[in-house]
Structures are given as C-alpha cells and as structure tokens.
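**Q** here's my sequence, what's the structure:
(2 chains)
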Amino acid sequence: MRVKIWGARGSVPAPGPEMNRYGGNTSSVEVTLSTGETLIIDAGTGIRTLGFSLPPDMPRINILLTHLHLDHIQGLMFFPPCFRAESTIRIWGPSSPEASLEARIARYISAPLSPVEVRELPCDVSFLDAPASEWKVGGATIRAEAVTHRGPTLGFRITDGDTTLCYISDHEPALGAPLAQLEPEWISGYNLARNADLLIHDCQYTDDEYPGHEGWGHSRVTDAVTFGRRVEAKRMLLFHHDPMHTDSFLDDLHIAARQKWAELGGDPAQIEIARERDELQVGPAPAKLPERASAPADSAQAHAEA
Amino acid sequence: MSGPQKPLELILARNLVTSIATPAFLVGRDGTLLFYNEAAGALLGVPFEEMGRMEPGEWIGSFGPFDGDGNPIPVAELPLTVALRDGRPAHANFNIRSTKGEHHEIAASGMPIIGKDHGASGAIVFFWPLDEDRARALATGSHEVSR
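**A** Coordinates of the predicted model:
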C-alpha cells in the first residue's frame, strides 16, 4: 500500500513560515490499497487539499474517523467531493449510545458553526458506526478498537494482503501505566499495532513538555517510542505534532526519538516523523495507481478554486 | 502475550486503580482477580506483583472473607459477585485475612464495569478498613498504623 500524509498536525491548524516543512494541516492520511482503491483516515484540514487531488469520477470514497475532535473532522466541510452530486462517501467513526455518528458530526456541520447542514450536502453520504469486528473495505480488512484518549477514540489496523498499517493518531497508552513493564494485554492499542509494517502514532509532546499535559490524551516521545518498540512495529511514523512545534523543534524531536529508539534496541532508520505531502511505500506497490490532479500548493489557491 | 488483550474499560480501570491510594481490586467477567493496587496490597499483606492473577477460588481462599463470628461468607453474597451476577452495585461489611495472618474488618463496594459495545467485562471493588487507625493512615496517604 501507499500512504500519503496530507495533515500531520494535532489540536489546531498551525500555518506559518516556521511550519513549512512539516506543514500546518491537521490529521488526514490517504491510503492507496494494492487494488488501487483509496481509504482516507481522518478528516482534519489536510483532507481539503487531499480532496482536490482525487479524480472527480472516483466511484466511492471511504473515510475512517478515529474520533470527532475538531482537528479530525474540521476538513469535512471543505472536502470537495462532499459538494459533488456524483460522489458517494461512506464515513465510519466511533459509535456512541448518546447519538448517531451523523447527529454528532452534524453538530459541527450545522448553524451557527457552518453555512450548510449535513442534509444539504449534494453528495450521497452515509455515516456508519465502526463495527466491533473486522470489516472489509475494497481489498483491505479493517479492525477498529478503542484506545486511551479523551472521549471515545478508535485506532485502526488495516491489512492489505501481507501488509499491515496501524494508525493511532491520538493516544496516551502510558497514562497511569508503566508502559515499559506492563504485560501486553494491559497496553492500550497493543493488538492493533503489533508487528505493524507501519505504525502511525501520536507523539505530540517532548518529555519535558509532558508533565504539564498529562491526561490530555497524547504521548510524549519516550512513551511513543516505547509503545512502538513494545508492539515491535517494523517502522514507525511520529504524528499529531503539537501546533507550537516549529520545523526546527520537530527536527530535534525526531533526533531525540531516534536516540530513544536505538537505546531500546531498534534501528534508528525505522523511526520517521510525518511531514505533510510525504509519501511512504509500505509493502508491495499498488498494482494500479489512480490518476490524480495535482493538489493546490497553498491554501489561498485552494480556496479560490473551491 | 500473557493473555488476550483487555478491553479499554478494564485497562483504564487498572490505570485508575494504580493511581489512587484507595484500596481497590479489579476482577474479570468470570471473577478472576486481575489486579489490585498498592493500598489493597498493604491490607492484604502482599503486593499484587507477588500474587499475580488468581481464580475466584484461589483469592477467596487466600483472603477470606468471613463474618464477625469467623464463619466464611458465601461467595454468592460478596459485593463483587452481586455486581458481576446481577449487573448492579452492591455493598457489604465483612472481614478479610491478610497473608500475614492479620484480620481486617472492611466495608466493600462493588460496581460492574460495562463496556460500550460488549456488556460487562468485569467489576471493580473499592474497600475501606473500618479500623480507625488504618482508615486514618489511608486517608492521609500513609500506610503506617499507629497503635
């Protein structure tokens, strides 16, 4: 499969010249399966530019939402296929006894926060609770499990042939838990991430920043790296960058993570840090890649085209 | 892997129990003792790390419980059992025996843990020593008991 990062930021978009290399858009990742089909994980502001790159005649668009915090759904209302009558969009997200997924998302896509309502979207959109058991999308098998974060939050394990991608964008597995010593069965997200060919995982804080943010639902470098080593991920991509972290800060964070990864016995080359528009090949290359329009280079251009 | 992955609500319950000084233990759906915290270990006379998980018959045999006359309390009457069996909170006062041979009268409250998608996954039991010195020591965060 092929993975493309369209937004790697957490919490809130963080545009600015000091953020250019890693990007300021919030979480959104495109996964192209070996069959050429596309999956989108999360709908942060990165999904907006992703949407411009999709062919207008794409038959069906599948979106997996980890949770409904704004940095993971904010881009939905600016996702171009939502405004095309010929688009069919299926959105999976965490279930809730309180309200349907559509009703919860409609709290954002409705007045006074939005000029349009969900029911006014011209596309054919359906909202589905992520099943408790595995399900199929295209050629991939998907498993969702609840993970430690604030509010109902899912992580995803996507298996395409022999290749496995795990995505846990918002995760604090070490909250109240000695992650290095804990038995695997007690580690949040362990089964999802075990032996993944690529683990995309929360690494929002440095170790120094973490004491002021404990319980906020995110990982510090040591915990992210320890989790990656405990689950024996073959490759790890640090994700959900704090909006305060500039390019140079993230360069240093990456160095610190590589050092810790090596201290825990890993090859430092296995641990990378997400940058907007980066593409990663995981396992065999897709048999056929969909033809793509080029995405707008900057926000102003994208807005004008919309 | 030491066992199947625990559901998130049990993981979070264990994290909570680990982080507090209120004695508490956690059991699975079948009554297996999955974990108890340091404060519980101080009353039971042995840390969880030394005992490990125990089947219902094992931990009941190790720690009692028994009534004021020294008679064993039927398992079916324990707050934990009621919480698991009936899916509701339950409370009782009774005695337990530590591995050091000490007897403690405690008040225990059991509460089922219900998963969002899959029903009851276990129960959590908080308990509290009725001995004033021990209760005071717990409330002040000290495990030292003055006599």
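**Q** show the contacting residues for residue 121.
**A** No chain was given, so I picked chain A. A:82, A:83, A:109 (CB atoms under 8 Å, 6 or more residues apart in numbering or on different chains). Where you see a C-beta, it was placed from the backbone N, CA and C, and this is true even at glycine.
**Q** could you do chain B instead?
**A** Neighbouring residues of residue B:121 by CB under 8 Å, 6+ apart: B:6, B:7, B:9, B:10, B:28, B:29, B:113, B:114, B:115.
**Q** now the two most distant members of these.
**A** The span of the contacts of residue B:121, defined through CB to CB, is set by B:6 and B:114 at 14.6 Å.
**Q** who has more neighbours, those two?
**A** The neighbour count for residue B:6 versus residue B:114, taken as other CB atoms under 10 Å in any protein chain shown, is higher for residue B:6 (25 against 13).
**Q** correct me if wrong: the more buried one contacts residue A:185.
**A** Yes. Applying CB atoms under 8 Å as the test, residue B:6 and residue A:185 come out as touching, 5.4 Å apart.
**Q** who touches both of the two?
**A** Residues touching both residue B:6 and residue A:185 (CB under 8 Å, 6+ apart): there are none.
**Q** how about residue A:97, what does it touch?
**A** Residues counted as contacts of residue A:97 (CB under 8 Å, 6+ apart) are residue B:116.
**Q** ugh, typo on my part, it should be residue B:48
**A** Residue B:48 touches B:35, B:36, B:37, B:40, B:41, counting by CB under 8 Å, 6+ apart.
**Q** could these go into TSV alongside neighbour count and secondary structure?
**A** Converted to TSV, these look like this (neighbours: other CB atoms under 10 Å in any protein chain shown; DSSP: H, G, I helix; E, B strand; the rest coil):
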residue	neighbour count	secondary structure
B:35	22	strand
B:36	27	strand
B:37	21	coil
B:40	24	helix
B:41	20	helix
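**Q** closest to residue A:92 out of those?
**A** When the contacts of residue B:48 are compared for distance to residue A:92 (CB to CB), residue B:35 wins out at 32.7 Å.
**Q** who is the closest one paired with across the strands?
**A** Residue B:35 has these beta-bridge partners by DSSP bridges: residue B:26.
**Q** what about whatever residue of chain B ends up closest to chain A, how many residues nearby?
**A** Per CB to the nearest CB, residue B:15 is where chain B lies closest to chain A, at 3.3 Å. Residue B:15: 19 surrounding residues under other CB under 10 Å.
**Q** these two touch, right, it and residue A:176?
**A** Yes. Shown here, residue B:15 and residue A:176 form a contact pair, counting by CB under 8 Å, at 3.3 Å.
**Q** so what touches stretch B:18-33?
**A** Defining contact as CB under 8 Å, 6+ apart, one finds that stretch B:18-33 is touched by A:176-177, B:10, B:13-14, B:17, B:34-40, B:42-43, B:51, B:53-56, B:58-59, B:80-81, B:84, B:120-129, B:138, B:141.
**Q** tell me the mean pLDDT over it?
**A** In this model, stretch B:18-33 has a mean pLDDT of 90.
**Q** tell me which residues in it are buried?
**A** Using 16 or more other CB atoms under 10 Å in any protein chain shown as the test for burial, stretch B:18-33 gives B:18, B:21, B:23, B:24, B:25, B:26, B:27, B:28, B:29, B:31, B:32, B:33.
**Q** other SSEs contacting the longest strand anywhere in chain B?
**A** When chain B is parsed with DSSP state E, its longest strand is strand B:103-115. Applying 3 or more CB pairs under 8 Å, 6 or more residues apart in numbering or on different chains; DSSP states H and E, we find strand B:103-115 packed against helix B:8-18, helix B:79-86, strand B:90-97, strand B:119-129.
**Q** with distance to residue A:95 as extra columns, can I get those in CSV?
**A** Below are the helices and strands packed on strand B:103-115 laid out as CSV (distance: least, CB to CB, whole Å):
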stretch, distance to residue A:95
helix B:8-18, 13
helix B:79-86, 25
strand B:90-97, 29
strand B:119-129, 14
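**Q** residue A:269: which of those is closest?
**A** helix B:8-18 (31.5 Å).
**Q** SS state for whichever residue of chain A sits closest to chain B?
**A** Nearest to chain B, among the residues of chain A, is residue A:176, at 3.3 Å (CB to the nearest CB). Here residue A:176 is recorded as coil under DSSP: H, G, I helix; E, B strand; the rest coil.
**Q** distance check, it against residue A:246.
**A** Distance from residue A:176 to residue A:246, counting by CB to CB, to the nearest Å: 31 Å.
**Q** thinking again about what came up before, tell me which residues touch the residue of chain B closest to chain A, please.
**A** Going by CB under 8 Å, 6+ apart, residue B:15 touches A:148, A:175, A:176, A:177.
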